[in-house]
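> Pasting the sequence and the predicted coordinates here, then a few questions.
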Amino acid sequence: MLYADIAFVHVLQEIIEILGTLAFAISGIRHAAAKHYDWFGGFVCGIAVAIGGGTLRDVMLGVTPFWMTSPLYIVCTLLAQTIVIVFSRSLKKLDNAWLAFDTLGLALFTIAGIQKTLSCGHPFWVAITMGCITGVAGGIIRDMLLNKTPVIFQKEIYAMASIAGGLLYWLMMESGVNVAVTVVFTFLMIVVIRFMAIKYHISLPVLKGEK
Amino acid sequence: MLYADIAFVHVLQEIIEILGTLAFAISGIRHAAAKHYDWFGGFVCGIAVAIGGGTLRDVMLGVTPFWMTSPLYIVCTLLAQTIVIVFSRSLKKLDNAWLAFDTLGLALFTIAGIQKTLSCGHPFWVAITMGCITGVAGGIIRDMLLNKTPVIFQKEIYAMASIAGGLLYWLMMESGVNVAVTVVFTFLMIVVIRFMAIKYHISLPVLKGEK
Amino acid sequence: MLYADIAFVHVLQEIIEILGTLAFAISGIRHAAAKHYDWFGGFVCGIAVAIGGGTLRDVMLGVTPFWMTSPLYIVCTLLAQTIVIVFSRSLKKLDNAWLAFDTLGLALFTIAGIQKTLSCGHPFWVAITMGCITGVAGGIIRDMLLNKTPVIFQKEIYAMASIAGGLLYWLMMESGVNVAVTVVFTFLMIVVIRFMAIKYHISLPVLKGEK
């Protein structure tokens, strides 16, 4: 019974990871398509979103980048590219689905980043930072590859959802809450904040400046 | 006799590496010149093309970046810069020569990337990816430093020549072919595909998209 | 007496490091403000300048990035952001103060980069390169995040001050001069070159080119 639960959670996590990777890769490829990049450019932009943040994290942690340990991420990106090429028109109707998967991906990647950093023996403030990097750096790299100003610096709250989730994770673990419960609450917090931000167009204040 | 052969191959490889590094660095410096960057900007763009891909590879492999083990690459870049500054006008006439050296560099860097990754114990699909990164990432970093959209996402086939070479390398090694023969055929395949692509303006399909 | 001297130097170094980090972070945040980035975008641009160069250095040296060992750098960036948000108008009058701190930061970061690289057992030409990367790469990353051409490729001498300091450090150490004296002279050399460059608008020659 307990074993079945753990297996179920594991399968659920794998499914979310694949959906999140797909959603991240599709976002990169569609942005590349809007710039009329070729198939290779689309693949690079897609994989940059899917693995960029986690690779930056792993390089700073001094461990082998996660995408080098399983072909899953390259396969997901190739699948994403096939989807974009074959279904380019119908994809527009699925915008809300991809947005949902992207949010699941943000939440899962944040938690994976926190847990991997803690398991390397780093303190919590490093783990929260790495969780955020895992979730959002890929999108920033994508925008640099597209020669655009990074979207997440000017739109609805995205990175702050990841950081808020990280803080909650820290508070719950410090309070002695069970890991599984902490993960579920962190996941929900990130997803809810992100959905609220999109629904009510909640943004961070803009810096005032001149040059 | 055999020893002489090996020494000859080694010298040939060194010469190709120097010519490839020169050609890569010159491409970076000339692009910087077109943007009216100063000498330091030219040097950074030049060295980015020459060592950017290999450095990204080595950091992900967890080994010391190759340029830190020999001053050859910095010296080649300084030489490239001197060439661009002194011979800026005559360089135009040599465009075809630099294009040829650049293609030799792409082929050599791809093979070097594959071999280094395999020697670190990674599987072939990682090695092919790393071969491609070694060959093309420097040019992408150059274009990011120039605030331009990366040229290889929109022009004739370049990265695909590297990947095709990587696949051939894998097939031949799996079939039990001798390393030296495999290297020669991989080298020729990359060079031929790249020349064909330039001569007949062969490009990858462009992604259709709107925003 | 000697002990008091060492303690004094150590405190001085910490103060310069904090002022340098603050100045670097403020430069990033003010550039982000000029682009109307939000608070998160400002923070990322600020921390990119403050820790970008040192992180690139540490990743290539194969050691844990320095910012992961002390929360000082994130705290300094948050402080810098508060300063920019609260005092945005009065900051303009302090431009010369920030320029001075930025120059102190450049000198200190260069020396820190050289010393850390030497302590990892690398030769001097690698150390001088790493000193320069520590001092200037953060500003280049900032400009990439801002989707601009990097300022230091087109303005008054900046990176060359760092390299000149590195060469002096090397010459003095090779001549058997005491480390403390070498550090002080290197520091002064970088600061003086940078101030001269600003005061007399000294730039490197620009590359001539067309495309």
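Alright, I've got the coordinates.
> only C-alpha atoms for contact and neighbour calcs from this point on.
Noted.
> Not counting its own residues, what contacts the helix or strand bottoming out on mean pLDDT in chain A?
Ranking every helix and strand in chain A by mean pLDDT, DSSP states H and E puts helix A:88-91 at the bottom, with a mean of 76. Applying Cα atoms under 8 Å, 6 or more residues apart in numbering or on different chains, the contact partners of helix A:88-91 are A:84, B:208-209.
> Stretch A:142-151 now?
Contact with stretch A:142-151 is made by A:28, A:31-32, A:35, A:45-46, A:48-49, A:139-140, B:140, B:144, B:147-150, C:144-147, as judged by Cα under 8 Å, 6+ apart.
> Report the next helix or strand after the host helix or strand of A:Leu108 in sequence order.
Using DSSP states H and E, A:Leu108 falls within helix A:95-119. Using DSSP H and E, the helix or strand that follows helix A:95-119 in sequence is helix A:124-145.
> and the next element down the chain from that next one?
Later in the chain than helix A:124-145, the nearest helix or strand by DSSP H and E is helix A:159-174.
> which secondary structure elements does the helix or strand just after that next one contact?
Counting by DSSP H and E, the element after helix A:159-174 in chain order, helix or strand, is helix A:179-199. When contacts are defined as 3 or more Cα pairs under 8 Å, 6 or more residues apart in numbering or on different chains; DSSP states H and E, helix A:179-199 sits against helix A:95-119, helix A:159-174.
> thinking again about what came up before, which one of the contacts of helix A:88-91 sits in the busiest neighbourhood?
Greatest neighbour count in the contacts of helix A:88-91, by other Cα atoms under 10 Å in any protein chain shown, goes to A:Val84: 23 neighbours.
> Just give me the least confident of the contacts of helix A:88-91.
Across the contacts of helix A:88-91, the smallest pLDDT goes to B:Gly209, namely 75.
> Now do the contacts for it.
Here B:Gly209 is in contact with A:30, A:33-36, A:88 (Cα under 8 Å, 6+ apart).
> one more time with 7 Å, if that's ok
Going by Cα atoms under 7 Å, 6 or more residues apart in numbering or on different chains, B:Gly209 touches A:30, A:33-34, A:36.
> Mind putting the residues you listed into TSV with pLDDT?
Below are the contacts of B:Gly209 laid out as TSV (pLDDT from 0 to 100):
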residue	pLDDT
A:Arg30	90
A:Ala33	91
A:Ala34	89
A:His36	92
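> Quick check: of the residues you listed, which lies closest to A:Thr134?
Ranked by distance to A:Thr134 (Cα to Cα), the contacts of B:Gly209 are led by A:Arg30 at 20.7 Å.
> what about the closest one, how many residues close to it?
Look at A:Arg30: counted by other Cα under 10 Å, it has 26 neighbours.
> Okay, and it sits in which element?
Secondary structure from DSSP H and E places A:Arg30 in helix A:2-34.
> Those residues of chain A touching chain C, which are they?
Within chain A, the positions near chain C by Cα under 7 Å from any Cα of the partner chain are A:59-61, A:126, A:144, A:147-150, A:153-154, A:204-211.
> which of these are buried?
Neighbour counting with 16 or more other Cα atoms under 10 Å in any protein chain shown marks A:59-61, A:126, A:144, A:147-150, A:153-154, A:204, A:206-209 as buried within the residues of chain A next to chain C.
> Outside of stretch A:188-197 itself, list whatever touches it.
Residues outside stretch A:188-197 that contact it (Cα under 7 Å, 6+ apart): A:103-104, A:107, A:156-158, A:161-162, A:165.
> can you put those residues in a markdown table and add pLDDT and neighbour count?
As requested, the contacts of stretch A:188-197 are exported to a markdown table (pLDDT from 0 to 100; neighbours: other Cα atoms under 10 Å in any protein chain shown):
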| residue | pLDDT | neighbour count |
| --- | --- | --- |
| A:Thr103 | 90 | 25 |
| A:Leu104 | 89 | 23 |
| A:Ala107 | 94 | 30 |
| A:Glu156 | 80 | 21 |
| A:Ile157 | 87 | 22 |
| A:Tyr158 | 92 | 26 |
| A:Ala161 | 95 | 25 |
| A:Ser162 | 96 | 32 |
| A:Gly165 | 97 | 28 |
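> Distance to chain B added to these, as CSV?
Shown next, in CSV, are the contacts of stretch A:188-197 (distance: Cα to the nearest Cα, whole Å):
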residue, distance to chain B
A:Thr103, 20
A:Leu104, 23
A:Ala107, 25
A:Glu156, 18
A:Ile157, 21
A:Tyr158, 20
A:Ala161, 25
A:Ser162, 25
A:Gly165, 28
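> Mind checking what secondary structure A:Gln81 has?
Here A:Gln81 takes the helix state, with states given by DSSP: H, G, I helix; E, B strand; the rest coil.
> show me the contacts for it.
Taking Cα under 7 Å, 6+ apart, one finds A:26, A:29, A:43 in contact with A:Gln81.
> so who does the first one touch?
To tie it back to what came earlier, the one meant is A:Ile26. Contacts for A:Ile26 were tallied using Cα under 7 Å, 6+ apart; they are A:46, A:80-81, A:84.
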